[in-house]
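Student: Kindly generate the corresponding structure for this input.
(one chain, ligands or ions: 1)
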Amino acid sequence: MHINTKNLKAIQDLYPDELAHCYGCGKSNPDGFQLKTYLVGDETIAYFTPQPKYTALPGSVYGGLIASILDCHGTGSAAAFVCKNEHISLVDATTIPVRCVTALLKIDFKNPTPMGVELELKGKLRSIEGRKIWVDMTLTANGIICATGEILAIRLKD
Ligand SMILES: CCCCCCCCCCCC(=O)SCCNC(=O)CCNC(=O)[C@H](O)C(C)(C)COP(=O)(O)OP(=O)(O)OC[C@H]1O[C@@H](n2cnc3c(N)ncnc32)[C@H](O)[C@@H]1OP(=O)(O)O
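Tutor: Numbers count the residues shown, from 1 in each chain. The predicted structure follows:
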């Protein structure tokens, strides 16, 4: 079921302008994917429909794209979970004071990801250990989990 995100703020839209150029999720990169991650309760969600140019085998999505969007959903989720943990409201914020980058990203490709349908990405917090944030992710198409991911995001020092 597609969650209505109309009244939610995407975590990437709260990144300060100087950090909003990421190819995967920067709102200021017109050539990028501009992935949007939303915190909904205890999990994060994002939707993305790949263009046909990201084809691997005919009819299926290229694995590098899948890794790319899970990378950005993972760091976005990590920032969102840190904010939640520290009672920083994403509703009231215009920018967030948390910066996370990927140290480790693991993807399991479980099934071919079909081209031409909306993909649903979900994230769940596994743990926050100091500056280390572990997030588990799934990528689903047509109700089938096509990939799972785990990310270790590191919160940057000020
Ligand atoms: C809101 C605005 C957003 C702004 C950001 C918006 C952009 C979105 C980003 C999208 C996602 C990306 O593509 S990000 C781009 C790709 N990633 C990168 O370029 C990161 C390159 N790597 C680095 O810069 C560095 O290695 C860091 C920052 C990750 C870590 O360096 P550091 O800060 O010096 O910290 P360091 O002491 O080494 O590590 C901290 C702890 O993490 C552990 N650790 C570090 N790396 C690993 C690892 N690969 N596997 C296991 N553990 C690791 C260490 O053992 C340590 O554990 P312990 O001893 O404490 O237990």
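
Student: Assign Cys83 to helix, strand or coil.
Tutor: helix (DSSP: H, G, I helix; E, B strand; the rest coil).

Student: could you say which helix or strand contains the residue of the chain found nearest the ligand?
Tutor: Nearest residue of the chain to the ligand: Ala103, at 3.5 Å (CB to the nearest ligand atom). C-beta here means a position set from N, CA and C on the backbone, and glycine is covered the same way. Taking DSSP states H and E as the definition, Ala103 sits inside strand 100-109.

Student: who's in contact with that strand?
Tutor: For strand 100-109, contacts defined as CB atoms under 8 Å, 6 or more residues apart in numbering pick out 63, 66-67, 70-71, 74-75, 78-79, 82, 132-133, 146-156.

Student: Near the ligand, list only the ones from those.
Tutor: By CB under 6 Å from any ligand atom, the members of the contacts of strand 100-109 lying near the ligand are 71, 75, 79, 132, 152, 154, 156.

Student: Tell me which of those fall in strands.
Tutor: 132, 152, 154 (DSSP state E).

Student: Select from those residues the one having the most neighbours.
Tutor: Of all these, the highest neighbour tally under other CB atoms under 10 Å goes to Leu152, namely 19 neighbours.

Student: roughly how far apart are that one and Asn7?
Tutor: Per CB to CB, to the nearest Å, Leu152 is found 31 Å from Asn7.

Student: What pairs with the strand holding Ala103, parallel or antiparallel?
Tutor: When sheet partners are counted by DSSP bridges, strand 100-109 sits next to strand 144-155 (antiparallel).

Student: Now the partner strand: buried residues?
Tutor: By neighbour count with 16 or more other CB atoms under 10 Å, strand 144-155 contains the buried residues 146-155.

Student: ok so, going back, kindly format the C-alpha coordinates of the next helix or strand after the strand holding Ala103 as CSV.
Tutor: Later in the chain than strand 100-109, the nearest helix or strand by DSSP H and E is strand 119-129. What follows is strand 119-129 as a C-alpha-only set of coordinates in CSV (Å, rounded to 0.1, in the frame of the first residue of the first chain):
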residue,chain,number,x,y,z
LEU,A,119,9.6,0.4,-5.9
GLU,A,120,9.0,0.6,-2.2
LEU,A,121,12.0,1.0,0.1
LYS,A,122,11.7,0.5,3.8
GLY,A,123,14.2,1.0,6.6
LYS,A,124,14.2,-0.2,10.2
LEU,A,125,16.7,0.9,12.9
ARG,A,126,18.8,-2.0,14.1
SER,A,127,21.0,0.0,16.5
ILE,A,128,22.6,3.3,17.4
GLU,A,129,26.0,2.8,19.0
